[in-house]
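[1] Return a 3D structure for these sequence lines:
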Amino acid sequence: MSQVRQIPVWIAFIFCLVSSGCDRSPSSPSEKTEPSSKYRVVTTTGMVTDVTRQVVGQRGEVFGLIEAGVDPHLFKPTRGHAKQLHIADIVFHSGLMLEGRMGESFTQLQRSGKPVFAVTETLDKEYLFSPPNFAGHYDPHVWMDVKAWSLCVNHIAASMAKFDAEHAEEYRANAKAYRAELSKLDDYVRGVIESIPESQRVLVTAHDAFEYFSRAYGIKVKSVQGVSTEAEAGVNDVNQLVDFLVERKLPAIFVESSVNAKNIQAVIEGAKSRGVTVQVGGELFSDAMGAEGTYEGTYIGMIDHNATLIARALGGTAPERGMNGKLKEPASSTGEAR
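    Numbers count the residues shown, from 1 in each chain. Here you go, the predicted model:
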């Protein structure tokens, strides 16, 4: 007897809204009833939300679905999120399966004629990582390489220019100005990471979100979990990392704001049982940014925080409050995993 596939309620809700046309919002400039009103732009992660706001400027209101501190790999959309997607004029998501549980909803929306764009979709596939333990899919953590994320900003601008041709030059100008800021950020990150003594230039984190950061800025990376946090780390994963830490005697490893610290704590305890004391260098932002309304709650602030914290904890040189002097806490403390 064949089994009927269970469709999540929120996906069924999207299908119902798309099929019936109820509460339908205009999805192109020509359909808007109030020419002076702002477009409703719906995004997913904080990283996508922030850079989209930089490009859209005053022409739209940008609504992010995934709140600060929430892991997008594990994000479970509600009917409310489905409604937000349905009434959007245009939708941007990260892509590369980062928001894996939302893939079907994006497909349904596209079939209905809604403009839906993955900000990473125009990146050269030769650039992308395809981790051996990620079932043939690409590593989605592209924003860890500032230059690559800057290319995604261009794609957002091009998509908005196509959607709203009347203001195309404005979107392109916004993107150009923001990319100039990102260029300064990229130079800063490269400089502070290069200041770390080469023997200590190894970043150990909770999950494998920093491969693009590694390649862009010349620092090795090790992690307990793989690319997706949906896969639990095993005892062997923890033991292998303990062996590595005992051998290299690194001064610090790092927890992540959106990932449970239990695996990192297990690694610290394992190293301690073998006579090696490892400190927590601090909490990094990986799949989510800081709190909304804070400097760390912006893409630039997120990367500034990470680079400054990593450099200072591993013996490098970086300003205590980061590139712009805006970090809310001095990036230097070490302690235990929480």
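[2] Centre-most residue in this protein?
    Central residue of the chain (Cα atoms, centre = their mean): D287, 4.2 Å from the mean position.
[3] Was I right to think that residue contacts A209?
    Yes: in this structure, D287 is within contact of A209 by Cβ atoms under 8 Å, at 6.2 Å. Glycine gets a C-beta too; all of them are placed from N, C-alpha and C.
[4] okay, and the common contacts of these two?
    Both D287 and A209 are in contact with 141, 256, where contact means Cβ atoms under 8 Å, 6 or more residues apart in numbering.
[5] Where does the prediction get shaky in the stretch 1-150 of the chain?
    Applying pLDDT under 70 to the stretch 1-150 of the chain flags residues 1-36, 134.
[6] the strands in it, which residues?
    39-43, 60-64, 90-93, 116-118 (DSSP state E, counting those that start in this stretch).
[7] Next one: L74 from L284, what distance?
    Distance of L74 to L284, computed by Cβ to Cβ, to the nearest Å: 18 Å.
[8] Sorry, slip of the keys, the one I care about is K176.
    In this structure, K176 and L284 are 29 Å apart, going by Cβ to Cβ.
[9] So for the two, which residue has more residues nearby?
    L284 (24 against 13; other Cβ atoms under 10 Å).
[10] from what I can see that one touches L309, true?
    Yes: here L284 reaches L309: they are 6.6 Å apart, a contact under Cβ under 8 Å.
[11] Common neighbours of the two, please.
    Common contact partners of L284 and L309 (Cβ under 8 Å, 6+ apart): F254.
[12] Just to check, V280 is in contact with I268?
    Yes: taking contacts as Cβ under 8 Å, V280 lies within contact range of I268: 7.3 Å.
[13] can you give me the angle the helix ranked longest in the chain makes with strand 60-64?
    Looking across the chain with DSSP state H, the single longest helix is helix 168-194. On the basis of axes from the mean of the first three to the mean of the last three Cα atoms, to 10 degrees, helix 168-194 is oriented at 40 degrees to strand 60-64.
[14] In helix 168-194, which residues are buried?
    For helix 168-194, the buried set under the neighbour-count rule, 16 or more other Cβ atoms under 10 Å, comprises 170-172, 174-175, 178-179, 182, 185-186, 188-193.
[15] Farthest pair within those?
    E170 and I193 (35.0 Å; Cβ to Cβ).
[16] Break down the stretch 201-338 of the chain into its helices, ranges please.
    For the stretch 201-338 of the chain, the helices defined by DSSP state H, counting those that start in this stretch cover 211-217, 235-248, 262-272, 299-313.
[17] In a markdown table: those, plus mean pLDDT and distance to E67.
    Listed next are the helices of the stretch 201-338 of the chain as a markdown table, based on pLDDT from 0 to 100; distance: least, Cβ to Cβ, whole Å:
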| stretch | mean pLDDT | distance to E67 |
| --- | --- | --- |
| helix 211-217 | 96 | 23 |
| helix 235-248 | 85 | 29 |
| helix 262-272 | 85 | 22 |
| helix 299-313 | 97 | 15 |
